[in-house]
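# when you get a sec, could you give me coordinates for this:
(chains A and B)
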2 protein chains.
Amino acid sequence: MDLELEPVDRAPTYEVVISRLKNEILSGRLRAGDRLPGERALSEQLGVSRASVREAVRALQAFEIVQARPGNSPTSGLTMTARPRIALSNLFRLHVGLASYSVEEVMAVRVGLETQAMLTLAEKTDLDLAGLHALLDRMSDPEITPETAQDLDAEFHLSLASQTNNHLIADMMQALRDAIAAPMLASFKAQPDWPSFCATIVEEHRSILRALEARDGRLAAQLTRDHVEGFYPAVTDSQEPDSTR
Amino acid sequence: MDLELEPVDRAPTYEVVISRLKNEILSGRLRAGDRLPGERALSEQLGVSRASVREAVRALQAFEIVQARPGNSPTSGLTMTARPRIALSNLFRLHVGLASYSVEEVMAVRVGLETQAMLTLAEKTDLDLAGLHALLDRMSDPEITPETAQDLDAEFHLSLASQTNNHLIADMMQALRDAIAAPMLASFKAQPDWPSFCATIVEEHRSILRALEARDGRLAAQLTRDHVEGFYPAVTDSQEPDSTR
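Residues are numbered from 1 along each chain as shown, chains lettered A, B, ... in the order given. Below is the predicted model of the structure:
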């Protein structure tokens, strides 16, 4: 009997390099701020080509695990980084682009994160909402454009998320917001009565702030849920035909 | 006056390749399932070296934007993929490893996602909880080890997340769960009275299922919050010293 054996899949060399560096991170031996040896030294230590090292580093750079600083100064070279803000944004933007995730799915996750944020914020004694009231005053300008309103709206939600002091909530909120910025803006622009639509947003934001001022986390969470869910139909309806798959 | 001008930072070639491919995705011209030209063709089309193309592809593979299938068959080569499950897990695991995010931050995001999931699940008419009751029966074995209990516990939470039909909630839950698997297991093992601790988990899971069966989303959400938050001290206390930074 003739066996037709498939060749055993060997992991490409760059994956071996990634997996060695991953182990160093997960075991706690490589930490944020640590310097990595240069490409040449890494290739000698690991016994692989410099091209494979570079490919592995590119993948880790995409994840913001490693940061490359150009030049020959003492701070240049490869450093272990922390907080994958751009990586998360890129990951979600591209996967919303590829329709891995729908805008509706992203909105539902936003609600989960934001309601959680509200419960945390209502417990805080050093909450600073003065800047957000000022922001809403600017947002109340009857001549405001959808573009400016969107920027201020993002600032409102992200400022609250970052005041939770939970970096993951803040970074996720930023990333998900970036991922659906285009359909959000399209929904603003598609409003038949833009000034009254925008006034409603401002009023809903004000009631969220009032609930936080009253330290009523459940009410703030419920108002945030109603506020974001109120957008679902507008945002998911106003997508470009080629991004609604 | 002599000006000392810094040289203008030019983006590395591989980043130019990434950015060209990103634009194709975000404009909807490249979609999940589409084939990419091979390395040689891409390098000719873009006028860059094959090494730069390969570095860019490695970064996109890390994000599971592109999948490479080896060989010379009609399905081999570079394909645009969907659903970055491994990428999300890797991203969060490595960034928890680098202490970009603490276990406590991850737990809080889990609560946000799971309470959102419960509200969605309670609205569903085709919820299938029979398998989860059977799972809890297995988890009620008084001889169960922390390792087996952890696997079943993960299966319980992830099965509920995936029944929301929100891929982003399901993938995020899986990724966050992977990211804190080690401290979770350590906390199970550190329990002074493991059998009664495990019995409590099972009972809390059962009450969540009863709330879902009664279509009471708010109650299911609250029970899930209490259940996961009940773990916070256990999980964050039982971390290895070198991962508590």
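
# mind giving me the packing neighbours of the lowest-mean-pLDDT helix or strand in chain A?
Least confident helix or strand of chain A, by mean pLDDT, DSSP states H and E, is strand A:66-69 with a mean of 84. In terms of contacts (3 or more C-beta pairs under 8 Å, 6 or more residues apart in numbering or on different chains; DSSP states H and E), strand A:66-69 is packed against helix A:50-62, strand A:77-80. (Each C-beta comes from the backbone N, C-alpha and C, glycine too.)

# any idea of the mean pLDDT in the first one?
I take that to be helix A:50-62. Averaged across helix A:50-62, the pLDDT comes to 91.

# what residues sit buried inside it?
By 16 or more other C-beta atoms under 10 Å in any protein chain shown, the buried positions in helix A:50-62 come out as A:52-62.

# so what's the gap between the least confident helix or strand of chain A and the chain middle?
Here the centre of strand A:66-69 is set off from its chain's centre by 20 Å, with C-alpha atoms, centre = their mean, to the nearest Å.

# and stretch A:209-218, by the same measure?
26 Å.

# run through who's touching the least confident helix or strand of chain A.
Outside strand A:66-69, the residues that touch it by C-beta atoms under 8 Å, 6 or more residues apart in numbering or on different chains are A:36, A:57, A:60-61, A:75-81.

# hang on, residue A:16 packs against residue A:47?
No - the criterion here is C-beta atoms under 8 Å, and residue A:16 misses it with residue A:47 at 9.7 Å.

# the more surrounded of the two?
residue A:16 (16 against 8; other C-beta atoms under 10 Å in any protein chain shown).

# quick one: the more buried one from chain B, how far?
Plainly put, residue A:16 is 13 Å away from chain B if you go by C-beta to the nearest C-beta, to the nearest Å.

# which other helices and strands does the strand or helix carrying that residue contact?
If you go by DSSP states H and E, residue A:16 is part of helix A:13-26. If you count contacts as 3+ C-beta pairs under 8 Å, 6+ apart, helix A:13-26 packs onto helix A:39-46, helix A:50-62, helix B:85-97.

# burial count for residue A:135?
Counted with other C-beta under 10 Å, residue A:135 comes out at 18.

# quick one: average confidence on the helix or strand containing it?
Using DSSP H and E, residue A:135 sits in helix A:130-139. Helix A:130-139 shows a mean pLDDT of 96.

# before we move on, back to that, adjacent strands (with direction) for the least confident helix or strand of chain A?
strand A:77-80 (antiparallel) (DSSP bridges).

# now do the buried residues in the strand it pairs with.
Residues of strand A:77-80 classed as buried by neighbour count (16+ other C-beta under 10 Å): A:77-78, A:80.

# same check on stretch A:166-186?
Quick answer for stretch A:166-186 (16+ other C-beta under 10 Å): A:166-180, A:182-186.

# what secondary structure does the most centrally placed residue in chain A sit in?
Central residue of chain A (C-alpha atoms, centre = their mean): residue A:175, 1.7 Å from the mean position. The three-state label given to residue A:175 by DSSP: H, G, I helix; E, B strand; the rest coil is helix.

# surely it and residue A:92 touch.
Yes - in this structure, residue A:175 is within contact of residue A:92 by C-beta under 8 Å, at 4.9 Å.

# make JSON lines out of the helices and strands packed on strand A:66-69 and add distance to residue A:122.
Converted to JSON lines, these look like this (distance: least, C-beta to C-beta, whole Å):
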{"stretch": "helix A:50-62", "distance to residue A:122": "37"}
{"stretch": "strand A:77-80", "distance to residue A:122": "36"}
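
# out of those, which comes closest to residue A:101?
When those are compared by C-beta to C-beta, helix A:50-62 sits nearest residue A:101, at 18.5 Å.
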